[in-house]
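# Quick one, what's the 3D model for this:
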Amino acid sequence: MGIIFYKEPKLEKPDMVACWPGIANIGVLAIDTLRRQIGAEEVGEIEPWDFFYPRRVILKGGVLEDLEFPSCKFYYKRFENKDLIIFIGEEQPTDGGRMYAEGIKAYQMANLVLDVAERFGCQRVYTSGAAVAVTHHALKPRVWAVTSRDDLNNELKGYDNTILMSEIEGTANGGSITGLNGLLLGLAKKRGFEAICLMGEIPDYLSSAPFPYPRASKSVLEILTSLLRIEFDYGALDKMSAQIDDIIEGIYEEFSSEIKERLDQRKSIFQAKPETITEEDEKWIKEHIDELFKKGGSGDEQPS
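Next up, the predicted model:
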């Protein structure tokens, strides 16, 4: 178990952005889009052997040539004032049948990621994921933020369309973030890094949909690129959002008039204090909507 480095760049006060797949791939879509646009270069990877089974074996002439594993790669980009390290994991390691990381493998991988942050002198670590919320797909997704310190909370309050998760009604000044995107946040604080998690809202009735939700990925990137002071072109995400919006509207038309009426009420109600999903809402959603997505697969992790 370890990290393979392809090169040893000298970086100036880098921040790290790390992410794994989650609900609608909101976080990983945002971070991978950022990586591609800024032209970040590969710098290393976590060896997969102790974390994953191979996805497939590659044969040539009837002879085993290679094993293909999920990748866990680091990238870097130099900027004028502050450099950036990006980590993207294609899967979360698990100790059983669950889809999201738990147990010793999760801790090992999270600490390896932070070892790299420490090696290059990072002070701040960002993660990103999804926030399943009582909202509507016609509304602009907000960004829920969780940080490791009060001064970081004050910093995030200065950004539009951002709300601290502790201020969400129903979290009782708490809440949780499942999977490695949440675990890394806690371990980063324990190891002395500044830590921020940005979660893009997705309507509860889309959380099991078998497609991404780029509208929320864009909301996350608007905040993240402002924090990083990086100029960004949202054209690719806007195009993808338009395509997904068409799919969502087609599905929405299949809802009964009762369901649509109940969901449409959310558009006309200004939520001064956004809410998490109640048990009653969650039960109602599952009974009335989840059936529509069974043919397309299941959803991902669910922060609460």
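# gap between the two ends of stretch 183-198?
14 Å (Cα to Cα, to the nearest Å).
# which residues are contacting that stretch?
18, 27, 101, 106-107, 110-111, 113-114, 117-118, 122-129, 143-149, 152, 156, 162, 177, 181-182, 220, 223-224, 227 (Cβ atoms under 8 Å, 6 or more residues apart in numbering). The C-beta positions use only the backbone N, C-alpha and C, and glycine is treated the same way.
# make it 7 Å
18, 101, 106, 110-111, 113-114, 117, 122-129, 143, 145-149, 152, 177, 181-182, 220, 223-224 (Cβ atoms under 7 Å, 6 or more residues apart in numbering).
# Narrow these to those in strands?
Ala18, Arg124, Val125, Tyr126, Thr127, Ser128, Gly129, Val143, Ala145, Val146, Thr147 (DSSP state E).
# for the nearest residue to the fourth one once chain neighbours are set aside, what are its contacts?
Leaving out its chain neighbours, the residue that sits closest to Tyr126 by Cβ to Cβ, 6 or more residues apart in numbering is Val17, at 4.5 Å. Contact analysis of Val17 by Cβ under 7 Å, 6+ apart lists Ile31, Leu84, Ile86, Tyr126.
# now, which of the residues you listed sits nearest Glu42?
Checking the contacts of Val17 against Glu42 with Cβ to Cβ, the nearest one is Ile86 at 9.9 Å.
# Could you tell me the end-to-end distance of stretch 87-94?
OK, stretch 87-94 end separation, Cα to Cα: 18 Å.
# Could you tell me how many residues sit around Ala236?
As a burial measure, Ala236 scores 13 neighbours (other Cβ atoms under 10 Å).
# where does this structure have low pLDDT?
1, 65, 95-102, 169-176, 269-304 (pLDDT under 70).
# would you list every one of the helices in the protein?
With DSSP state H as the criterion, the chain has helices at 26-38, 103-119, 150-157, 180-190, 214-228, 235-252, 257-268, 279-288.
# Arg78 is nearest to which of those helices?
By Cβ to Cβ (comparing all of these), the closest turns out to be helix 26-38, at 10.0 Å.
# residues making contact with the closest one?
With Cβ under 7 Å, 6+ apart as the test, helix 26-38 has contacts from 17, 19-21, 75, 77, 86, 88, 128-130, 181, 200, 202, 212-214, 216-217, 220-221, 224, 230, 232-233, 236-237.
# Are any of those residues buried, and if so which?
17, 19-21, 75, 77, 86, 88, 128-130, 181, 200, 202, 212-214, 216-217, 220-221, 224, 230, 232, 237 (16 or more other Cβ atoms under 10 Å).
# List just the nearest of the ones in strands among the contacts of stretch 183-198 to Ile247.
Out of those, the member with the shortest distance to Ile247 (by Cβ to Cβ) is Gly129, at 21.8 Å.
# With distance to Ser257 added, can I get the ones in strands among the contacts of stretch 183-198 in CSV?
Listed next are those as CSV, based on distance: Cβ to Cβ, whole Å:
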residue, distance to Ser257
Ala18, 44
Arg124, 48
Val125, 47
Tyr126, 42
Thr127, 40
Ser128, 36
Gly129, 33
Val143, 32
Ala145, 37
Val146, 38
Thr147, 42
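# which of those residues tops the neighbour count?
These, ranked by neighbours (other Cβ under 10 Å): first place Gly129, 34 neighbours.
# sorry, back to before: could you check how far the residue nearest to Tyr126 is from Leu227?
Distance of Val17 to Leu227, given as Cβ to Cβ, to the nearest Å: 10 Å.
# Equivalent analysis for Phe193, please.
15 Å.
# Neighbour count for the two, which is higher?
When neighbours are counted by other Cβ under 10 Å, Phe193 comes out ahead of the other of Phe193 and Leu227, with 21 against 17.
# circling back: closest one to Asp50 among the helices of the chain?
Judging the helices of the chain by Cβ to Cβ, what sits closest to Asp50 is helix 103-119, at 7.4 Å.
# How about residues contacting the closest one?
Taking Cβ under 7 Å, 6+ apart as the rule, helix 103-119 contacts 1, 3, 16, 18, 46, 51, 74, 85, 87, 93-95, 125, 180, 183-184, 187-188, 191, 193.
# now stretch 67-77
Stretch 67-77 is contacted by residues 9, 11, 35, 38-46, 48, 52, 54-58, 83-91, 116 when judged by Cβ under 7 Å, 6+ apart.
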